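> Got a predicted structure plus its sequence, pasted below:
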Amino acid sequence: MTQKYYIGDVNRMFTSIRGQRHDFLNHVQVIYGFVKYKKYNQLENYTKELTKEISEVNEILEIGHPALAALVQSKMIISLEKKIKFQYDITGLDGLSLGITSIDIIKIIGNLIDNAIDEVETIPLDKKWISLKVTTLSEKLFITTKNPCSSKVINEKNKLFQSGFSTKEKNLHEGIGLAIVKERVEHYKGTIEVKTLSNQVLEFSIQLPLKME
């Protein structure tokens with residue numbers, strides 16, 4: 001199931017890239033029309049939107065890890081649909097040979113982000129945000145996610161990694177996502193910590209060794 005999910009994300013990423021190339025002529029024609037009829041305000045707004053879209057795809061491609069780039073793009077689309085501000089900072093992965101499989105990286109980060117999306121989906125619009133940070137240092141991979149959370153999550157944060165436990169409705173959530181994260185982290189002899197910051201912000205911090213014994 002994870003492999004099918006991963007392949008789907010990669011295909012969506014390449015579809016976006018092909019779509020930009022396919023639509024290039026249309027964009028040029030629109031820009032020419034604005035210039036010809038001296039619609040400079042519309043031209044400025046249009047080129048701003050176009051530049052933003054191109055920059056977002058280019059930034060994702062620069063992540064340096066194809067599977068993770070595909071995952072990030074997929075989660076950005078989902079977040080946009082749900083009006084969630086999704087921020088990410090991913091560095092140090094370009095050309096890096098990890099001891100962790102791509103599938104397990106997707107399992108860990110994907111489930112963390114899914115959990116964050118579920119948590120912020122029903123809160124007020126101005127608090128709908130998620131941050132993801134991934135970096136490497138001293139032969140370790142560091143993964144950190146942050147998002148606002150409810151008081152119920154804060155009070156029961158020690159149960160979050162239990163298989164089957166969920167703060168959401170049982171018919172909508174199986175409560176196994178974070179249990180999978182914990183199992184995969186322990187498999188690689190890494191560490192995982194969950195804590196609450198000020199203003200009811202939940203933070204997951206993971207450290208994984210880049211080299212396996």
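Done, it's in. Numbering: from 1, shown residues only.

> What ranges does this protein have for its helices?
2-22, 24-36, 40-61, 66-81, 102-120, 151-155, 177-187 (DSSP state H).

> Low-confidence stretches in this protein?
Counting by pLDDT under 70, the chain contains low-confidence residues at 1-10, 12-14, 16-22, 53-62, 95-98, 152-175, 212-213.

> Quick check: nearest residue in space to residue 149, chain neighbours excluded?
With sequence-adjacent residues excluded and distances taken as CB to CB, 6 or more residues apart in numbering, residue 149 is closest to residue 202, at 4.0 Å. To be clear about C-beta, it is placed using only N, CA and C from the backbone, and glycine gets the same treatment.

> count of residues packed around that neighbour?
In terms of burial, residue 202 registers 22 neighbours under the definition other CB atoms under 10 Å.

> That one contacts residue 193, correct?
No. Contact status for residue 202 versus residue 193: not in contact, 11.5 Å apart, counting by CB atoms under 8 Å.

> which residues touch the residue nearest the centre of the chain?
Central residue check for the chain by CA atoms, centre = their mean: the C-alpha nearest the mean position is that of residue 72, 4.0 Å away. Contacts here follow CB atoms under 8 Å, 6 or more residues apart in numbering; on that basis residue 72 touches 60, 63, 88, 90, 132.

> any chance of these in CSV, plus distance to residue 26 and neighbour count?
Supplementary listing: these in CSV, determined by distance: CB to CB, whole Å; neighbours: other CB atoms under 10 Å:
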residue, distance to residue 26, neighbour count
60, 22, 20
63, 28, 20
88, 29, 19
90, 31, 21
132, 33, 23
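
> In strands only, show me those residues.
Under the assignment DSSP state E, those contribute 88, 90, 132 to strands.

> Quick one: those residues as a markdown table, columns for distance to residue 51 too.
Compiled in a markdown table, the ones in strands among the contacts of residue 72 are given as follows (distance: CB to CB, whole Å):
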| residue | distance to residue 51 |
| --- | --- |
| 88 | 19 |
| 90 | 21 |
| 132 | 23 |
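
> nearest to residue 197, of those residues?
Distance to residue 197 across these (CB to CB) is lowest for residue 132, with 15.4 Å.

> how close does the residue lying closest to that closest one once chain neighbours are set aside get to residue 63?
Once flanking residues are discounted, residue 132 sits nearest to residue 88: 4.4 Å by CB to CB, 6+ apart. Between residue 88 and residue 63 the distance, using CB to CB, to the nearest Å, works out to 8 Å.

> close enough to count as contact, residue 120 and residue 145?
No. No contact is recorded between residue 120 and residue 145 when judged using CB under 8 Å, the distance being 11.3 Å.

> Name the residue in the two with the higher neighbour count.
Neighbours were tallied for residue 120 and for residue 145 using other CB under 10 Å; the higher tally belongs to residue 120 (24 against 21).
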